[in-house]
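**Q** Dropping a prediction and its sequence here:
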Amino acid sequence: MLRLTALALLLSLCSILDPSSANAQTKVGYIDSKRIIDAMQESIDAKQRLDNVVSQWQSELRALQDSLKNLKDDFDKKKLILTEQLRAEKENQIKEMETTVTNFRVQKFGENGEYFTKQTEFMKPVYDRIFKAIETVAKEGSYDYVFDRSGDILLLYVNEAHDLTAKVMREMEGTK
(Lines give C-alpha, C1' and ligand atoms only; values in the text may rest on other atoms or scores of the structure.)
Protein backbone atom coordinates (compact mmCIF):
# COMPACT_ATOMS: atom_id res chain seq x y z
CA MET A 1 0.00 0.00 0.00
CA LEU A 2 2.85 2.36 0.86
CA ARG A 3 4.46 1.62 -2.51
CA LEU A 4 1.27 2.47 -4.39
CA THR A 5 0.91 5.69 -2.44
CA ALA A 6 4.51 6.64 -3.20
CA LEU A 7 4.01 5.80 -6.88
CA ALA A 8 0.86 7.91 -7.05
CA LEU A 9 2.67 10.77 -5.33
CA LEU A 10 5.55 10.53 -7.79
CA LEU A 11 3.23 10.57 -10.80
CA SER A 12 1.24 13.54 -9.44
CA LEU A 13 4.49 15.38 -8.78
CA CYS A 14 5.55 14.79 -12.40
CA SER A 15 2.25 16.26 -13.60
CA ILE A 16 2.61 19.30 -11.33
CA LEU A 17 6.21 19.99 -12.31
CA ASP A 18 5.55 19.53 -16.03
CA PRO A 19 2.04 20.75 -16.83
CA SER A 20 2.44 19.79 -20.49
CA SER A 21 2.54 16.16 -19.41
CA ALA A 22 -0.80 16.45 -17.63
CA ASN A 23 -2.58 16.35 -20.99
CA ALA A 24 -0.46 13.46 -22.23
CA GLN A 25 -0.91 9.90 -21.03
CA THR A 26 1.95 8.79 -18.78
CA LYS A 27 2.63 5.10 -19.16
CA VAL A 28 4.04 3.28 -16.13
CA GLY A 29 5.10 -0.34 -15.83
CA TYR A 30 6.76 -2.53 -13.23
CA ILE A 31 8.79 -5.68 -13.04
CA ASP A 32 9.61 -8.20 -10.33
CA SER A 33 13.40 -8.40 -10.57
CA LYS A 34 13.60 -11.15 -7.95
CA ARG A 35 11.38 -13.40 -10.04
CA ILE A 36 13.39 -12.62 -13.18
CA ILE A 37 16.74 -13.24 -11.48
CA ASP A 38 15.53 -16.47 -9.86
CA ALA A 39 14.39 -17.77 -13.26
CA MET A 40 17.61 -16.98 -15.15
CA GLN A 41 20.10 -19.82 -15.65
CA GLU A 42 22.93 -17.26 -15.73
CA SER A 43 21.91 -16.12 -12.26
CA ILE A 44 21.76 -19.67 -10.95
CA ASP A 45 25.22 -20.33 -12.40
CA ALA A 46 26.61 -17.11 -10.91
CA LYS A 47 25.21 -17.98 -7.48
CA GLN A 48 26.74 -21.47 -7.74
CA ARG A 49 30.14 -20.02 -8.67
CA LEU A 50 29.93 -17.64 -5.69
CA ASP A 51 28.90 -20.50 -3.39
CA ASN A 52 31.94 -22.50 -4.57
CA VAL A 53 34.29 -19.59 -3.84
CA VAL A 54 32.69 -19.05 -0.42
CA SER A 55 33.02 -22.76 0.40
CA GLN A 56 36.73 -22.60 -0.40
CA TRP A 57 37.14 -19.53 1.81
CA GLN A 58 35.22 -21.18 4.63
CA SER A 59 37.52 -24.21 4.40
CA GLU A 60 40.56 -21.97 4.58
CA LEU A 61 39.07 -20.09 7.54
CA ARG A 62 38.32 -23.37 9.36
CA ALA A 63 41.93 -24.49 8.78
CA LEU A 64 43.22 -21.21 10.24
CA GLN A 65 40.85 -21.48 13.21
CA ASP A 66 41.93 -25.10 13.80
CA SER A 67 45.58 -24.02 13.77
CA LEU A 68 44.81 -21.31 16.28
CA LYS A 69 42.93 -23.75 18.50
CA ASN A 70 45.85 -26.21 18.35
CA LEU A 71 48.31 -23.46 19.27
CA LYS A 72 46.16 -22.43 22.23
CA ASP A 73 45.64 -26.02 23.39
CA ASP A 74 49.35 -26.77 23.12
CA PHE A 75 50.18 -23.61 25.02
CA ASP A 76 47.65 -24.40 27.77
CA LYS A 77 49.17 -27.87 28.22
CA LYS A 78 52.76 -26.65 28.39
CA LYS A 79 52.59 -23.15 29.86
CA LEU A 80 53.51 -24.27 33.37
CA ILE A 81 56.75 -25.89 32.23
CA LEU A 82 57.80 -23.25 29.68
CA THR A 83 60.42 -20.68 30.46
CA GLU A 84 59.33 -17.06 30.56
CA GLN A 85 60.93 -16.44 27.16
CA LEU A 86 59.26 -19.48 25.50
CA ARG A 87 55.92 -18.56 27.07
CA ALA A 88 56.19 -15.02 25.63
CA GLU A 89 57.09 -16.45 22.19
CA LYS A 90 54.09 -18.80 22.25
CA GLU A 91 51.78 -15.98 23.35
CA ASN A 92 53.07 -13.87 20.44
CA GLN A 93 52.45 -16.77 18.04
CA ILE A 94 48.89 -17.03 19.32
CA LYS A 95 48.33 -13.27 18.93
CA GLU A 96 49.74 -13.35 15.39
CA MET A 97 47.50 -16.29 14.48
CA GLU A 98 44.46 -14.50 15.97
CA THR A 99 45.32 -11.46 13.85
CA THR A 100 45.69 -13.68 10.77
CA VAL A 101 42.27 -15.26 11.37
CA THR A 102 40.62 -11.87 11.92
CA ASN A 103 42.29 -10.32 8.87
CA PHE A 104 41.28 -13.27 6.67
CA ARG A 105 37.66 -13.03 7.84
CA VAL A 106 37.53 -9.26 7.19
CA GLN A 107 39.34 -9.56 3.84
CA LYS A 108 36.93 -12.19 2.56
CA PHE A 109 33.63 -11.44 4.30
CA GLY A 110 34.02 -7.90 5.69
CA GLU A 111 32.11 -4.81 4.65
CA ASN A 112 34.25 -4.18 1.55
CA GLY A 113 35.53 -7.73 1.32
CA GLU A 114 36.10 -10.02 -1.61
CA TYR A 115 32.66 -11.61 -1.15
CA PHE A 116 30.91 -8.45 -2.32
CA THR A 117 33.44 -7.92 -5.11
CA LYS A 118 32.93 -11.47 -6.39
CA GLN A 119 29.16 -11.19 -6.06
CA THR A 120 29.20 -8.03 -8.18
CA GLU A 121 31.61 -9.55 -10.68
CA PHE A 122 29.53 -12.72 -11.13
CA MET A 123 26.13 -10.98 -11.24
CA LYS A 124 27.07 -7.99 -13.43
CA PRO A 125 26.35 -9.80 -16.73
CA VAL A 126 22.96 -10.87 -15.34
CA TYR A 127 22.04 -7.32 -14.30
CA ASP A 128 23.31 -5.89 -17.58
CA ARG A 129 21.12 -8.31 -19.53
CA ILE A 130 18.07 -7.48 -17.40
CA PHE A 131 18.55 -3.70 -17.73
CA LYS A 132 19.02 -3.98 -21.49
CA ALA A 133 15.79 -6.00 -21.75
CA ILE A 134 13.94 -3.47 -19.55
CA GLU A 135 15.10 -0.60 -21.74
CA THR A 136 14.08 -2.43 -24.93
CA VAL A 137 10.64 -3.37 -23.60
CA ALA A 138 10.07 0.13 -22.18
CA LYS A 139 10.97 1.84 -25.46
CA GLU A 140 8.97 -0.59 -27.59
CA GLY A 141 5.96 -0.23 -25.29
CA SER A 142 6.34 3.56 -24.98
CA TYR A 143 6.64 3.36 -21.19
CA ASP A 144 7.71 6.52 -19.41
CA TYR A 145 8.67 4.82 -16.13
CA VAL A 146 9.46 1.25 -15.09
CA PHE A 147 9.67 0.36 -11.39
CA ASP A 148 10.90 -2.75 -9.60
CA ARG A 149 8.31 -4.11 -7.21
CA SER A 150 10.87 -6.37 -5.49
CA GLY A 151 12.64 -3.43 -3.87
CA ASP A 152 11.69 -0.16 -2.29
CA ILE A 153 10.22 1.45 -5.39
CA LEU A 154 13.38 1.36 -7.42
CA LEU A 155 13.11 3.32 -10.64
CA LEU A 156 14.72 1.23 -13.40
CA TYR A 157 13.84 3.17 -16.52
CA VAL A 158 12.90 6.77 -17.22
CA ASN A 159 11.93 8.37 -20.50
CA GLU A 160 14.44 11.23 -20.67
CA ALA A 161 11.79 13.49 -22.17
CA HIS A 162 10.52 13.90 -18.59
CA ASP A 163 13.87 15.07 -17.18
CA LEU A 164 13.25 18.43 -15.54
CA THR A 165 16.75 18.91 -14.11
CA ALA A 166 17.77 21.75 -16.44
CA LYS A 167 14.43 23.57 -15.96
CA VAL A 168 14.68 23.30 -12.18
CA MET A 169 18.28 24.57 -12.24
CA ARG A 170 17.28 27.55 -14.42
CA GLU A 171 14.41 28.27 -12.06
CA MET A 172 16.74 28.15 -9.07
CA GLU A 173 19.21 30.52 -10.74
CA GLY A 174 16.39 32.96 -11.49
CA THR A 175 15.23 33.02 -7.85
CA LYS A 176 18.58 33.77 -6.18
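**A** It's in. Numbering: from 1, shown residues only.

**Q** Show me what whichever strand or helix holds Asp51 is packed against.
**A** Assessed by DSSP states H and E, Asp51 sits inside helix 41-78. The helices and strands touching helix 41-78, judged by 3 or more C-beta pairs under 8 Å, 6 or more residues apart in numbering; DSSP states H and E, are helix 84-109, helix 114-140. From N, CA and C alone the C-beta is placed, and that goes for glycine too.

**Q** and the residue of the chain positioned farthest from its centre, helix, strand or coil?
**A** The centre of the chain is farthest from one residue, Ile81, which by C-alpha atoms, centre = their mean lies 52.0 Å away. Following DSSP: H, G, I helix; E, B strand; the rest coil, Ile81 is assigned to coil.

**Q** Find me the pLDDT at it, would you?
**A** For Ile81, the pLDDT comes out at 91.

**Q** likewise Ile16?
**A** For Ile16, the pLDDT comes out at 43.

**Q** picking that back up, phi first, then psi, for the residue farthest from the centre of the chain.
**A** Here is the backbone geometry of Ile81 (degrees, to the nearest 10): phi -100, psi 0.

**Q** In contact with it, which residues?
**A** If you count contacts by C-beta atoms under 8 Å, 6 or more residues apart in numbering, Ile81 has none.

**Q** Tell me how this protein divides into domains.
**A** 2-38+125-174, 41-120 (automatic domain parsing).

**Q** Going by mean pLDDT, which of these comes out lowest?
**A** Ranked by mean pLDDT, the domains of the chain end with domain 2-38+125-174 at the bottom, a mean of 76.

**Q** Distance from that domain to the middle of the chain?
**A** In terms of C-alpha atoms, centre = their mean, to the nearest Å, the centre of domain 2-38+125-174 is set 21 Å apart from its chain centre.

**Q** Kindly report the same for stretch 37-51.
**A** Chain-centre distance of stretch 37-51: 15 Å, with C-alpha atoms, centre = their mean.

**Q** again, but for stretch 58-71
**A** Put simply, stretch 58-71 sits 29 Å off its chain's centre (C-alpha atoms, centre = their mean).

**Q** ok, residues contacting it?
**A** Contacts for stretch 58-71 (C-beta under 8 Å, 6+ apart): 90, 93-94, 97-98, 100-101, 104-105, 108.

**Q** Many thanks, I have nothing further to ask.
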